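S.K.: I would like to see how this sequence folds:
(chains A and B)
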Amino acid sequence: MSPKTLYDKIWDAHVAHESDDGTCLLYIDRHLVHEVTSPQAFEGLRMTGRKVRAPEKTIAVPDHNVPTTLDRAKGIENEESRIQVEALDKNAKEFGVHYYPVSDVRQGIVHIVGPEQGWTLPGMTVVCGDSHTATHGAFGALAHGIGTSEVEHVLATQTLIQKKSKNMKVEITGKLKPGVTAKDITLAVIGETGTAGGTGYVIEYCGEAIRDLSMEGRMTVCNMAIEGGARAGLIAPDETTFQYVKGRPHAPKGAQWEAALNWWKTLYTDEDAVFDKVVTLKGEDIQPVVTWGTSPEDVLPITGVVPDPASFTGGKVEAAKRSLEYMGLTPGQKLTDIEIDTVFIGSCTNGRIEDLRAAAAVLKGKKIAVKRAMIVPGSGLVRAQAEEEGLADIFKEAGFEWRLAGCSMCLAMNPDQLSEGERCAATSNRNFEGRQGYKGRTHLVSPAMAAAAAITGKLTDVREMM
Amino acid sequence: MDKFDKLSGIAAPMPLVNIDTDMIIPKVFLKSIARTGFGKNLFDEMRYNRDGSEIPDFVLNQPAYRAAQILVAGDNFGCGSSREHAPWAIADFGIKCVISTSFADIFYNNCFKNGILPIVLPQEAVDVLMKDAEKGANARMEIDLEAQTVTTSEGESFSFEVDSFKKHCLMNGLDDIDLTLEKGAAIDRFEAQATQARPWV
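M.R.: Okay, the predicted model is just below:
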């Protein structure tokens, strides 16, 4: 048998039908659903009299629109947001899918809830009407975002019409230096490949620096595979994965655990398997990074300066000019001279307990020097744990707002938004124009770097505070 | 879904690279639970001032391009969020074809579900088409999906590739779900076998 990549193995185990032209029906093991991209899909089912084929494999949770203020039990003020969340309430009930309503302590960002509850397991196919579904690839699951028409297709058929992507390997060799995190890895990779570098590929991340990451760090890396254009990002499951999964509410137990483990241990890329594209970075070369522009590929080490648009080629020259104008920056300006108004720590990229611990380690005993700072835990359970560990007290004493779980200012669909010209150091995943609010300015960073910026009021090299 | 066969229309040039789906339809407009009505907010933040007045420089506000049916765009069009509201807004505005050197994967797939043809061509071809589009309303491009060609107003033709299944669905306005349900027996068989092999799923 010819050697296979991890992607090949998961793909082959899920092809329910293959047409002569190579178009496949890929069977979907887990379908995650949130309130923004699903109402039209459920409505489509109603209009055609179709049912959800596998409600037991479908998990819904509202996250994009929900308020994160402590008084949210009183309801959602914005009428459209409220209608969208109410539609999910109604659809989840009517179609009988698993559901974590706003009032449930397990509610949170869909990509944090799935792994936390053990819905995401190695070797699975996982989809969601959300591009950051790539997160679940950290478990060695083939996971990617889909559009609303495809959400309806999966609800109705539990399959997706797909053609296979190409294989790409991203290897991070050696060890990371102190102060460098999973977020810096994933941003550094996008800085290297560009936002279209992964288009048409599924990326497998490997190498010592990836192996050394915790599950949470691996989720951060895979989360942003989409920002590099890839359909999905994958990391082969290992002991770290199995330890994380074991004992979770929906993880297999007893004899089934043993059977699952036996299969999961076969999920790795065979030695002689061929990748269509390979990118290698040295772990020790990666530094804490920040973004300066309005594309996630606009990445530089914190020690750098704002680039001159003329240093780029092709369409990127105009794009960089436009970015700098939007961001209010000048070529040659030191990144550490950029003053920050706001700090946002949270999102499916960096809203897990380890992210909060990393921020707390920097913030302990310090006060913020920015106009506002907020921490939005990725789930109600992350919030509870942070309170138990005393992290919440550190945040509050430092001057951070300590919020309830949701997507919040990552995409600013709820009231958590930047105002015009407001500059934010954010642990989220997109620095697009208007992403965090109309004319808001976003610099993407790791949680430790965000915390450092909160204390100094400027983009800051966290290594100087360690 | 509308069938796509041939199209003769005005092409609007948008040479900016990395036009993301937040630009195409900002999140404040994602709160609708309908599929229609997004066209008026297509490219909202580039197209309108905060007071709702039009920004005259923006291409789709210029008289020549207000009825554009084709968009010629820079690299990596449609990157970012998976929101299908982006192709819904494009289709609702009246644009039926987008041409670029590359598209983000999810956006590309979403187009076909909504009667929009995304065409990938090499840089040199897109450069020629961009120049042609810059001529304004008198320059109409011709798209022939059957023949897989784009022709400029001056008669210069470029061939493009498109997946045969996607082409078939677009040309016939077919509903994916109906097609898949016809293969229900294969899904049943797979499910039974997978449940036995991986009962924990």
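S.K.: Touching, A:R383 and A:F395? I think so.
M.R.: No - contact between A:R383 and A:F395 fails when scored by CB atoms under 8 Å: they sit 10.9 Å apart. C-betas here are computed from N, CA, C, even on glycine.
S.K.: What residues does the stretch 151-300 of chain A have near chain B?
M.R.: Contacts of the stretch 151-300 of chain A with chain B, taken as CB under 8 Å from any CB of the partner chain, map to A:152-153, A:156-159, A:161, A:163, A:195-196, A:199-200, A:229-231, A:252, A:256-257, A:259-260, A:263, A:295, A:297.
S.K.: How many neighbouring residues does residue 116 have?
M.R.: Just going to use chain A. 23 (other CB atoms under 10 Å in any protein chain shown).
S.K.: Correction: the question concerned chain B.
M.R.: Using other CB under 10 Å, B:I116 is surrounded by 22 other residues.
S.K.: go on, A:D130?
M.R.: 30.
S.K.: The residue nearest to A:R435 when sequence neighbours are not counted: which element?
M.R.: Nearest residue to A:R435, sequence neighbours excluded (CB to CB, 6 or more residues apart in numbering or on different chains): B:D22, at 5.3 Å. Here B:D22 sits within helix B:21-24, counting by DSSP states H and E.
S.K.: name the helices or strands packed onto that helix?
M.R.: Using 3 or more CB pairs under 8 Å, 6 or more residues apart in numbering or on different chains; DSSP states H and E as the contact test, the elements touching helix B:21-24 are helix B:85-93.
S.K.: which residues are in contact with the helix it packs on?
M.R.: Applying CB atoms under 8 Å, 6 or more residues apart in numbering or on different chains, the contact partners of helix B:85-93 are A:147, B:21, B:24-25, B:29-30, B:32, B:35-42, B:60, B:71, B:78, B:98, B:107, B:110-111, B:113-116.
S.K.: Please repeat the previous calculation with a cut-off of 7 Å.
M.R.: Helix B:85-93 is contacted from outside by B:21, B:24-25, B:29-30, B:35-39, B:41-42, B:78, B:107, B:110-111, B:114-116, using CB atoms under 7 Å, 6 or more residues apart in numbering or on different chains.
S.K.: List buried residues within these.
M.R.: B:21, B:24-25, B:29-30, B:35, B:38, B:41-42, B:78, B:107, B:110-111, B:114-116 (16 or more other CB atoms under 10 Å in any protein chain shown).
S.K.: quick revisit: what's the residue nearest to A:R435 in contact with, if anything?
M.R.: By CB under 7 Å, 6+ apart, B:D22 lies in contact with A:432, A:434-435, B:80-81.
S.K.: got it, and B:L16?
M.R.: A:318-319, B:74.
S.K.: Residue 83 - how many residues pack around it?
M.R.: With no chain named, the answer covers chain A. A:I83: 16 neighbours (other CB under 10 Å).
S.K.: Sorry, I should have been clearer: chain B.
M.R.: Neighbours of B:R83 (other CB under 10 Å): 30.
S.K.: A:N91 reaches A:G44, doesn't it?
M.R.: No - using CB atoms under 7 Å, A:N91 makes no contact with A:G44, being 11.2 Å away.
S.K.: who's more crowded, these two?
M.R.: A:N91 (24 against 20).
S.K.: biggest helix in chain B, by residue count?
M.R.: Identified as the longest helix of chain B according to DSSP state H is helix B:184-197.
S.K.: Using PDB, write out every CA atom in it.
M.R.: Provided in PDB are the C-alpha atoms of helix B:184-197 (Å, rounded to 0.1, in the frame of the first residue of the first chain):
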ATOM      1  CA  GLY B 184     -29.000   8.000   0.100                       C
ATOM      2  CA  ALA B 185     -28.300   4.200  -0.200                       C
ATOM      3  CA  ALA B 186     -24.600   4.800  -0.400                       C
ATOM      4  CA  ILE B 187     -24.700   7.100   2.700                       C
ATOM      5  CA  ASP B 188     -26.800   4.500   4.600                       C
ATOM      6  CA  ARG B 189     -24.200   1.800   3.700                       C
ATOM      7  CA  PHE B 190     -21.300   4.000   4.800                       C
ATOM      8  CA  GLU B 191     -23.000   5.000   8.000                       C
ATOM      9  CA  ALA B 192     -23.700   1.300   9.000                       C
ATOM     10  CA  GLN B 193     -20.100   0.300   8.200                       C
ATOM     11  CA  ALA B 194     -18.600   3.300  10.000                       C
ATOM     12  CA  THR B 195     -20.700   2.800  13.100                       C
ATOM     13  CA  GLN B 196     -19.400  -0.700  13.300                       C
ATOM     14  CA  ALA B 197     -15.800   0.300  12.800                       C
END
